[in-house]
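Q: fold the stuff below for me.
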Amino acid sequence: MKIKIVLATVFAMVLSGCVGTPDAEGWRSSQKAEFLEILKTDKYASICNQQALYAKVKENESSKLMSKLLISYTNNLANGCIDLKSFEAFQKEKKEKKIATYYETYLQDVKASDIMMKLKAGRSIEQILKPYVPEYDQFSALTKRYTLLKDDPSTSKRTLRKIRLNIERVKLMKPGLGGNYALVNIPEFIVRIIENNETAVAMAVVVGQTKLQTPIFSENLSYITLNPQWSVPDSIARNEVIPDLLKNPNYLTEKRMVMRESYDLKSKELTPESVDLEAYVGGKGHVPFKFIEVPSKKNGLGRVKFIFPNKHSVYMHDTQSKYLFKRKVRTYSHGCVRLEKPIVMLEYISKNYTSTSPEQIKEEYDSLKTHYVKITKRLPVHTAYLTTYVDECGQLLVLNDIYGFDKSQKLNF
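A: Numbering: from 1, shown residues only. Down below sits the predicted model:
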């Protein structure tokens, strides 16, 4: 019995990488061998700006240098190898040119003390790196494709750089997404619902104009609105609705709009004559009256929208402009994501992510009155910017840089 216990303990130590006596720095021979094997192929594409240090580690396998490289490698894996300082400067320049742009980078806190504590405890290098390896299937797909193509002389440097840049972008996406999520790939003009690394739903989308870019960020889907009203944002009211209303007194009637004190249709009704419209033409800032397009079959938002609450007031929704889906480049919205097949999305999400029956969904949809359907199962929505993407058939897609991020994001190596 004792022999069995000893053998089981040794086996467990082998699996965990806890083999041999640690040196003064905390490294075991098995951990060194494992790390060198990872570095040999750069398995997680994270040597990046540490090539010189890696050359020294290969030369003498110094434990202190290996510790320094392990910490840097982990940080590069967790937070990518894009020069974020120069990228922020590019973003600032865009905003000064009146381009609405936003790119959220989700950085992780990598503590050297935690890494070294795990190393000294005998954890394997794979175990140490695992919390920082992106869960998105595109990380492994693009990394494998990059490894395959980088030694192929027929692959252009431009394509290799694009693939590598997108590997780094995936590292910057929000971690902890779980097995199911919706991914809006802006340069591809496609939204997918991913279930356990398989595409369950995919359809074309229209995204923001080049001057009104769909922001890059992640939030959880919260609810569905059936037969929505369109609450016109103050910026659109100032720059589009009010100027058109001043030219055409019948504008509101033609567009099925009303004026209210707030975005609540039950709030006090106003008329164009009761306010100083000219005082709110152009510029920025709060407008003390609101324009609302009432629910209807002709509403600009269509019949359904999918809300993942965020500071950008961006969501996925139906649209009246179906003809736009025939175009290859679909940058026409004010930032929201317009869906080619909103009913397909409604049916799939309501069936799998709400507790509302299909019969009730249909009844509320057909009523032409606004109803809200709560999401009861977590579904993160990620608006992403991947100009290379490995699709469901294993084909590498190389996409156009519609918002200029390929140019403004520089690799730090």
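Q: can you pull the contacts of residue 132?
A: Under the criterion of Cβ atoms under 8 Å, 6 or more residues apart in numbering, the contact partners of residue 132 comprise 74, 77-78, 108, 110. The way it works is simple: take the backbone N, C-alpha and C, and place the C-beta from them, glycine included.
Q: which of those fall within helices?
A: Secondary-structure check on the contacts of residue 132 using DSSP state H: residues within helices are 74, 77-78.
Q: check contacts around residue 310.
A: The neighbourhood of residue 310, defined by Cβ under 8 Å, 6+ apart, consists of 215, 217, 219.
Q: export those residues as TSV, with columns for neighbour count.
A: Putting the contacts of residue 310 into TSV (neighbours: other Cβ atoms under 10 Å) gives the following:
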residue	neighbour count
215	17
217	21
219	19
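Q: return a PyMOL selection command for the buried portion of the ones in helices among the contacts of residue 132.
A: For selection in PyMOL, the members of the ones in helices among the contacts of residue 132 meeting the burial criterion (16 or more other Cβ atoms under 10 Å) are listed in this command:
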select buried, resi 74+77+78
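Q: output the below-cut-off pLDDT ranges for this structure.
A: Per-residue confidence for the chain (pLDDT under 70) gives these ranges: 1-19.
Q: if we go to 80?
A: For the chain, applying pLDDT under 80 flags the ranges 1-20, 177-178.
Q: how is it divided into domains?
A: 2-81+114-133, 138-228+297-408, 232-282 (automatic domain parsing).
Q: okay, how far is it across the last one, tip to tip?
A: Meaning domain 232-282. Distance between the boundary residues of domain 232-282 (Cα to Cα, to the nearest Å) amounts to 15 Å.
Q: one step back: quick one: closest of the domains of the chain to residue 92.
A: The minimum distance between residue 92 and the domains of the chain falls on domain 138-228+297-408, with 10.6 Å, by Cβ to Cβ.
Q: quick one, strands of the stretch 51-200 of the chain?
A: Read by DSSP state E, counting those that start in this stretch, the stretch 51-200 of the chain holds these strands, from start to end of the chain: 180-185, 190-195, 198-208.
Q: how about the ones you listed in JSON lines, adding distance to residue 358 and mean neighbour count?
A: Putting the strands of the stretch 51-200 of the chain into JSON lines (distance: least, Cβ to Cβ, whole Å; neighbours: other Cβ atoms under 10 Å) gives the following:
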{"stretch": "strand 180-185", "distance to residue 358": "20", "mean neighbour count": "22"}
{"stretch": "strand 190-195", "distance to residue 358": "18", "mean neighbour count": "21"}
{"stretch": "strand 198-208", "distance to residue 358": "16", "mean neighbour count": "19"}
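Q: now those strands in CSV, with distance to residue 408?
A: Listed next are the strands of the stretch 51-200 of the chain as CSV, based on distance: least, Cβ to Cβ, whole Å:
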stretch, distance to residue 408
strand 180-185, 18
strand 190-195, 23
strand 198-208, 16
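Q: for residue 380, which of those is the nearest?
A: Of the strands of the stretch 51-200 of the chain, the one closest to residue 380 (Cβ to Cβ) turns out to be strand 180-185, at 4.5 Å.
Q: residues near the nearest residue to residue 61 once chain neighbours are set aside, how many?
A: Here the nearest residue to residue 61 in space, its sequence neighbours aside, is residue 32; by Cβ to Cβ, 6 or more residues apart in numbering that works out to 6.3 Å. Residues contacting residue 32 under the criterion other Cβ atoms under 10 Å number 17.
Q: contact partners for residue 32?
A: 61, 63, 66.
Q: just the buried positions in the helix or strand harbouring it, please.
A: According to DSSP states H and E, residue 32 maps onto helix 29-41. Residues of helix 29-41 classed as buried by neighbour count (16+ other Cβ under 10 Å): 30-32, 34-35, 38-39.
Q: do the same with stretch 140-151
A: So for stretch 140-151, counting by 16+ other Cβ under 10 Å, buried means 140-143, 145-146.
Q: cool, stretch 231-240 as well?
A: Residues 231-235, 237-238 are the ones in stretch 231-240 that count as buried (16+ other Cβ under 10 Å).
Q: distance between it and the chain's centre?
A: What separates the centre of stretch 231-240 from the centre of its chain is 26 Å, taken as Cα atoms, centre = their mean, to the nearest Å.
Q: quick one: end-to-end length of it, please.
A: Looking at stretch 231-240, the gap from its leading to its trailing residue is 14 Å under the measure Cα to Cα.
Q: now stretch 185-192
A: Start and end residues of stretch 185-192 are separated by 8 Å (Cα to Cα).
Q: so what touches that stretch?
A: For stretch 185-192, contacts defined as Cβ under 8 Å, 6+ apart pick out 182-184, 199-207, 214, 216, 316, 329-330, 337, 339, 345, 383-387, 389, 397, 399-403.
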